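Trainee: structure, please.
(chains A, B, C and D)
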2 protein chains.
Amino acid sequence: MKGKATSFDIAHLTGVSQSTVSRALRDSPLVSEETRRRIREAAEQLNYKVDKNASNLRSQHSGTLALLLFEDPTADDSHINPFFLSMLGSITRACALRGYDLLISFQQLSYDWHADYADTKKADGIILLGYGDYLAYLDKLQKLVAQGTRSIRWGAVLPDQPDVSIGCDNYQGGQAIATHLLEQGCRRIAFLGDASSHYPEFFERYRGYAATLQQAGITMDPALQVDAAESTEQAGYNALETLLERAEPFDAVFAASDLIAIGAMRALADHNIKVPEQVAVAGFDDIPMARFLNPPLTTVLQDTKLAGETLVDNLLCLIRNEPVETHLLPVKLVVRRSSQFSQPADHV
Amino acid sequence: MKGKATSFDIAHLTGVSQSTVSRALRDSPLVSEETRRRIREAAEQLNYKVDKNASNLRSQHSGTLALLLFEDPTADDSHINPFFLSMLGSITRACALRGYDLLISFQQLSYDWHADYADTKKADGIILLGYGDYLAYLDKLQKLVAQGTRSIRWGAVLPDQPDVSIGCDNYQGGQAIATHLLEQGCRRIAFLGDASSHYPEFFERYRGYAATLQQAGITMDPALQVDAAESTEQAGYNALETLLERAEPFDAVFAASDLIAIGAMRALADHNIKVPEQVAVAGFDDIPMARFLNPPLTTVLQDTKLAGETLVDNLLCLIRNEPVETHLLPVKLVVRRSSQFSQPADHV
DNA sequence: CTGAAAGCGCTTACAG
DNA sequence: CTGAAAGCGCTTACAG
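Mentor: Okay, here's the model as predicted:
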């Protein structure tokens, strides 16, 4: 036998037609049990595998989902955000469990990703994952949807969005952190992170935090919010430096992400400011290293396993033209030592 | 225009044959510059994309690599080993840079993974990544190679292996840790991890460590080696408990992986044994959280970026039928506080 | 339950 | 430089 076996080879070997082979291998009830068995045996013997390119071409679906991990243009060779890495792992697992393959690709936000995978028929649908300026890629999302591409996005759930998205309840997460910090006696709680519609997830966290403070009768002080558009340690470090330069007193820091919190804690250490004794710190995401930090970081857990499953399941619904309900996933406050005072705080 | 445009639609629109369209879109020099320009414009206008299933079927290659992440059967819903997650990220990037797509899949070691991706023509070659009992999947590797599947494996480089593999110089890493611990004054250095040909990477680390101790005139004490076949925190925790039960004195722990080291450090903390004052600890991998541990963990850095690029480049060579040279990647000792004594150690 | 035939949308000799 | 034709290996009406 030269080259790989085809369905015709199985047909010759078993004395049936090629159509019957094709049916039998897909376990069609149209083929008798006995014939199916003989065909399966022959296939195994010849080491036959269905050519996916041929079957996908004919049947017009690929059994594959594409995951587009997009990043800000600034992203260099640095590691991928650990939170997205966790998501990637959970999405991979969810796909495998549902019999789908997963194609993974990095995308620069600037690149024409809306056109790729789905249009070239390599994937039946795409999952969008990443941080980036929402307003900058909004029109790409619109094109994507206009072209009928099945896609689902991890991120903020907004009233006017063109596409379907799944996200955590960032607002509630922001509330939970703020409530906790208030309970710890903090009154001047800084927010490190972008608080604008460019980064809606961070903005929701900010809004939950701000609403809680206001309900507690605290006047928001603009000097206590510092941008850190990128979710990186360096951005967190810089943001805290900026905060210190403003010379406004603060007794807690709520970082829009764990990575920002890690950078902020490093900056605090460099200034000999004790966490949590002088400043309480909280983050968001509960990335794996959060519990190993010194002190361990109080944060908001996003359930990446549930998130991955929900993304895949809803995308599959979209592909089958079934209705999908956009919903927010619950978050959970995880209190660790970085925010727990054993004694009254000395304000900075 | 109903449905997606095909190359025939472009042909009609531009008044050339479909073959010319196909050539032009692949930038064939056989087509005049002017004709190519017109065809590109028409393609853009009709939002045309080449159907990859059709082109792959015809040309018999897919422009796709498959990454098989395999795990021990014990792996449940727990997080993926952070080291492999880093590798995954770097492989994804390396593929993107070389214009290849990456298909990702989890595999149970028990499953018939040797048959999949490459045989179904979905991928031109496969990358194998993961821990598991080497002896248990050796015959699958043999089948894989016998069938002519292009594959490359991350792992130990052994003299008698059937396939091509890329790995770090685990032996040298083991030497580096042992040398460092000896310099710190440690003399009874326990090894936590499997030290058998079932897990050749761990075994190499063990052999480098053992050789170094013996050169220093230290007699190996079997009581100081504890299996931890799985590379998990729990396995590390259990291994250290076992070590303590043996009631043999030890002044250092060399864990076969960072995850094992983390578990061991947790067990030491639970027994109120101070790191590094009473017991120095070192790991292997330098996963992102290693530097955040308390105390930060001394370990051996495996350069995942280089590893990912080397894997992809060598697999691409295999696919082009070019010769590949199996080689070991260098490792780097990273000394942190978990192994640095400021004062003489109190042995346990 | 089975078979003969068409066709998915490309790429690639072959011919000019 | 361009075109007509074959064919990659399947799935799926259609007919029996």
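Trainee: count the residues that sit near the nearest residue to A:Ile218 once chain neighbours are set aside.
Mentor: Once its chain neighbours are removed from consideration, A:Ile218 has its nearest residue in A:Arg187; the separation is 6.4 Å (Cβ to Cβ, 6 or more residues apart in numbering or on different chains). All C-beta spots, glycine's among them, are computed from the backbone N, C-alpha and C. Around A:Arg187 sit 16 other residues, with neighbours defined as other Cβ atoms under 10 Å in any protein chain shown.
Trainee: now swap in A:Asp27 and tell me
Mentor: Look at A:Asp27: counted by other Cβ under 10 Å, it has 9 neighbours.
Trainee: and it, what element?
Mentor: Under the assignment given by DSSP states H and E, A:Asp27 is not contained in any helix or strand.
Trainee: what does A:Ala264 give?
Mentor: Residue-wise, A:Ala264 maps onto helix A:258-270 under DSSP H and E.
Trainee: got the phi and psi for the closest residue in space to A:Pro296 that isn't next to it in sequence?
Mentor: If the residues on either side of it in the chain are set aside, A:Pro296 comes closest to A:Arg336, at 3.8 Å by Cβ to Cβ, 6+ apart. Listed backbone geometry of A:Arg336 is phi -130, psi -170, with angles given as degrees, to the nearest 10.
Trainee: the residue nearest to A:Ile218 and A:Ala267, how far apart?
Mentor: Relative to A:Ala267, A:Arg187 is positioned 21 Å away (Cβ to Cβ, to the nearest Å).
Trainee: now A:Ser22
Mentor: Distance from A:Ser22 to A:Ala267, by Cβ to Cβ: 64 Å.
Trainee: for these two, indicate the residue with more neighbours.
Mentor: The neighbour count for A:Ser22 versus A:Ala267, taken as other Cβ under 10 Å, is higher for A:Ala267 (21 against 18).
Trainee: so the more buried one sits against A:Glu233, correct?
Mentor: No: A:Ala267 lies out of contact with A:Glu233 (Cβ atoms under 8 Å); the separation is 9.7 Å.
Trainee: on the three-state scheme, whichever residue of the stretch 151-300 of chain A sits closest to chain B is what?
Mentor: Here the residue of the stretch 151-300 of chain A nearest chain B is A:Met289; by Cβ to the nearest Cβ that distance is 3.7 Å. Applying DSSP: H, G, I helix; E, B strand; the rest coil to A:Met289 yields a three-state assignment of helix.
Trainee: grab the nearest non-local neighbour of it.
Mentor: Counting by Cβ to Cβ, 6+ apart, B:Met289 is the residue found nearest to A:Met289 once chain neighbours are left out, at 3.7 Å.
Trainee: re earlier: wait, what's in contact with the residue nearest to A:Pro296?
Mentor: Residues touching A:Arg336, when contacts are defined by Cβ atoms under 8 Å, 6 or more residues apart in numbering or on different chains, comprise A:290-291, A:295-299.
Trainee: if any of these are buried, give me the PyMOL selection for them.
Mentor: Here is the PyMOL command that picks out the buried ones among those, judged by 16 or more other Cβ atoms under 10 Å in any protein chain shown:
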select buried, chain A and resi 290+295+296+297+298+299
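Trainee: can you tell me if stretch A:11-25 touches chain B.
Mentor: No: using Cβ under 8 Å from any Cβ of the partner chain, stretch A:11-25 stays clear of chain B, coming no nearer than 12.0 Å.
Trainee: straight-line length of that stretch, end to end?
Mentor: Stretch A:11-25 stretches 11 Å from its first residue to its last (Cα to Cα, to the nearest Å).
Trainee: same thing with stretch A:141-152?
Mentor: Across its full length, stretch A:141-152 reaches 10 Å between end residues, using Cα to Cα.
Trainee: gap between the residue of the stretch 51-200 of chain A found nearest DNA strand C and A:Val31?
Mentor: Nearest residue of the stretch 51-200 of chain A to DNA strand C: A:Arg58, at 3.6 Å (Cβ to the nearest atom of the strand). Applying Cβ to Cβ, one obtains 18 Å for the distance of A:Arg58 from A:Val31.
Trainee: compare neighbour counts for the two and give me the winner.
Mentor: Just comparing A:Arg58 and A:Val31: by other Cβ under 10 Å the higher neighbour count belongs to A:Val31, 20 against 11.
Trainee: hmm, that one is touching A:Arg23, no?
Mentor: Yes: in this structure, A:Val31 sits in contact with A:Arg23. The criterion is Cβ under 8 Å, and the distance is 5.0 Å.
Trainee: run a quick neighbour tally on the closest residue to DNA strand C within the stretch 201-348 of chain A.
Mentor: Of the stretch 201-348 of chain A, the residue with the smallest distance to DNA strand C, taken as Cβ to the nearest atom of the strand, is A:Ile319 at 17.5 Å. Neighbours of A:Ile319 under the rule other Cβ under 10 Å: 16.
Trainee: correct me, but it touches A:Thr149?
Mentor: No: under the criterion of Cβ under 8 Å, A:Ile319 lies out of contact with A:Thr149, with a separation of 10.5 Å.
Trainee: close to chain B: what parts of the stretch 101-250 of chain A are there?
Mentor: A:101-106, A:115-116, A:119-122, A:147.
Trainee: need those in CSV (columns: pLDDT).
Mentor: Written out in CSV, the entries for those read as follows (pLDDT from 0 to 100):
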residue, pLDDT
A:Asp101, 87
A:Leu102, 90
A:Leu103, 89
A:Ile104, 87
A:Ser105, 82
A:Phe106, 76
A:Ala115, 52
A:Asp116, 71
A:Asp119, 76
A:Thr120, 80
A:Lys121, 82
A:Lys122, 86
A:Gln147, 80
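Trainee: distance of the residue nearest to A:Lys274 when sequence neighbours are not counted relative to A:Leu293?
Mentor: Using Cβ to Cβ, 6+ apart and skipping residues adjacent in sequence, the residue nearest A:Lys274 is A:Leu268, 7.9 Å away. A:Leu268 sits 12 Å away from A:Leu293, taking Cβ to Cβ as the criterion.
Trainee: before we move on, what about A:Asp133?
Mentor: 29 Å.
Trainee: higher neighbour count, the two?
Mentor: Looking at A:Asp133 and A:Leu293 with other Cβ under 10 Å, you find the greater number of neighbours at A:Leu293, namely 25 against 16.
Trainee: so the more buried one touches A:Ala264, yeah?
Mentor: No: at 11.1 Å, A:Leu293 does not count as touching A:Ala264 under the criterion of Cβ under 8 Å.
Trainee: rewinding a little: the residue of the stretch 151-300 of chain A closest to chain B and B:Arg291 touch, don't they?
Mentor: No: between A:Met289 and B:Arg291 there is no contact, the gap being 9.1 Å when judged by Cβ under 8 Å.
Trainee: what segments of the stretch 201-348 of chain A are strands?
Mentor: For the stretch 201-348 of chain A, strands defined by DSSP state E, counting those that start in this stretch occupy the ranges A:225-226, A:252-255, A:280-282, A:299-302, A:328-329, A:331-334.
Trainee: how far is the second one from where the chain is centred?
Mentor: Spelled out, that is strand A:252-255. 23 Å (Cα atoms, centre = their mean, to the nearest Å).
Trainee: which other residues reach it?
Mentor: A:174, A:177-178, A:181, A:184, A:186, A:188-193, A:205, A:209, A:228, A:236, A:240, A:243, A:261, A:264, A:268, A:279-284, A:339.
Trainee: mind listing what that strand pairs with, with the direction of each?
Mentor: Paired with strand A:252-255 in the same sheet, following DSSP bridges, are strand A:189-192 (parallel), strand A:280-282 (parallel).
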